[in-house]
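> let me see the structure of the following:
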Amino acid sequence: MQLVINSFGAYLRKQGDCFVVKNEDKQFEVSVRKVDSIMITTGAFLSTDAIKAAMDHNIDILFLDEHGDPYGRVWHSKLGSTTLIRRRQLEYADDARGLALAQEWIAAKFDRQMEFLKKLAHARPEKEADVLVYADRLTEGRKKLAALTGTLEEQRGTIMGLEGAAGRTYFEALSFIMPERYRFEGRSRQPAKDEFNCLLNYGYGVLYSMVEKACLVAGLDPYVGFVHTDNYNKKSLVFDLMEMFRYLTDQTVVYLFTGRKVKQEWFESVPGGMTLAKDGKAALIEALNETFETSVRYRNRNIKQRDIIQFECHRIANGLIKEAGDADLGGIRRVGDAETDEDCQGL
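Okay, here's the model as predicted:
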């Protein structure tokens, strides 16, 4: 479970084998063995004993700002795996193997977006034909992505262009199915211009933290990216891999709106836009955790959706150091190749 502290002035300490959270006159405790991560979204106090207990049990402590963006985390200093993985990341970025990885990740994003749009379309017969037109546009973009050859350096601009066009199509479709009062004009970030983007931005911040941790556990270097270019202190690989999992946040936020669960008191006005209030953060995190805890069939096994992120990071790390397999691609599949559970041996 994820332990979330979002009450200003709350105090986290350790007592025996439990974490104890106290806020004003309320107090509760939970076994350290039941906690996967600790998320702190406001001003709070932590005891050093609680921090050590978290490190001893591989529990990361994550700090989010008012927009949901992680600004720091407490995590042990272990590498997570062999340094060979990080060396291979650098090698792959310079040849066709890097392009193959980028194609695989962006294609997975397109597939999940198309699947989601078709699901939304079938549930809305009166809008089905229009929504399926948007899905068809994504299909065309995926075909163009799969046809790319050469190196990542040669095709990075084209990939970013295809991804950008697909994103505009996708969010136009989502706005089309929104309740009338919550339709929006494309993506807006910090600050968000509307309620949909406000929830989405915060949800992406939570997702970012999960992908970063999965990279660290798998031994991947979060700073060595493929599609997103290197920059000072930019965790390019985290942004790359997030693309495959954004659908988890997308679906959560869309269903909050279409299920008419969103309340106006969840939002606060700020210069240039809006941000989430305390109740909005709590409601979104609860909804996200419900999504992450849902079990699905994935690559021939039943798995919680939150574990898919770690599963994929391990699969990628294993692929980077795989000695056998396709000699020309180092074991990495081109878009459209068959997927088998063998790719995850050693997880």
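> what's across from the spatially closest residue to Ile308 that is not a sequence neighbour in the sheet?
In space, and not counting its chain neighbours, Ile308 is closest to Tyr298: 5.6 Å by CB to CB, 6 or more residues apart in numbering. Any C-beta I mention is one placed from the backbone N, CA and C, and that applies to glycine too. According to DSSP bridges, Arg301 are recorded as the beta-bridge partners of Tyr298.
> and Tyr298, how far from Arg112?
For Tyr298, the distance to Arg112 under the criterion CB to CB, to the nearest Å works out to 12 Å.
> and the helices in the stretch 201-347 of the chain?
Counting by DSSP state H, counting those that start in this stretch, the stretch 201-347 of the chain forms helices over residues 236-242, 246-258, 278-293, 305-320, given from the N-terminal end onward.
> counting contacts, what elements does the second one pack onto?
So that's helix 246-258. Identification of packing neighbours for helix 246-258 by 3 or more CB pairs under 8 Å, 6 or more residues apart in numbering; DSSP states H and E yields helix 96-122, helix 152-177, helix 195-218, helix 278-293.
> at 6 Å instead, please
Under the contact criterion of 3 or more CB pairs under 6 Å, 6 or more residues apart in numbering; DSSP states H and E, the helices and strands touching helix 246-258 comprise helix 195-218, helix 278-293.
> do the same with the third one
With contacts taken as 3+ CB pairs under 6 Å, 6+ apart, helix 278-293 sits against helix 195-218, helix 246-258.
> quick one: closest of these to Gly157.
Of all the helices and strands packed on helix 278-293, helix 246-258 sits nearest to Gly157, with 21.3 Å by CB to CB.
> and the closest one, how far from the chain's centre?
With CA atoms, centre = their mean, to the nearest Å as the basis, the distance from the averaged C-alpha position of helix 246-258 to the chain average is 12 Å.
> what's next to it, contact-wise?
Where contact means CB atoms under 6 Å, 6 or more residues apart in numbering, the residues beyond helix 246-258 that reach it are 112, 116, 178, 182, 199-200, 203-204, 207, 262, 287-288, 291, 305.
> ok, the residues you listed vs Gln2, which is closest?
The shortest distance between Gln2 and any of those, using CB to CB, involves Leu288 and amounts to 8.9 Å.
> could you find the closest non-adjacent residue to the closest one?
If the residues on either side of it in the chain are set aside, Leu288 comes closest to Thr252, at 5.3 Å by CB to CB, 6+ apart.
> tally of neighbours for that neighbour?
Other residues lying near Thr252 total 22 when counted by other CB atoms under 10 Å.
> next: Gly141.
A count of neighbours around Gly141, defined by other CB under 10 Å, yields 24.
> what do you get for Gly150?
Gly150 has 11 neighbouring residues, counting by other CB under 10 Å.
> pretty sure it sits in a helix.
No: for Gly150, which was evaluated using DSSP: H, G, I helix; E, B strand; the rest coil, the result is coil, with no helix membership.
> how near is the closest residue in space to it that isn't next to it in sequence to Ala146?
Of all residues beyond its chain neighbours, the one nearest Gly150 is Leu99 (6.6 Å), with distances taken as CB to CB, 6+ apart. For Leu99, the distance to Ala146 equals 11 Å [CB to CB].
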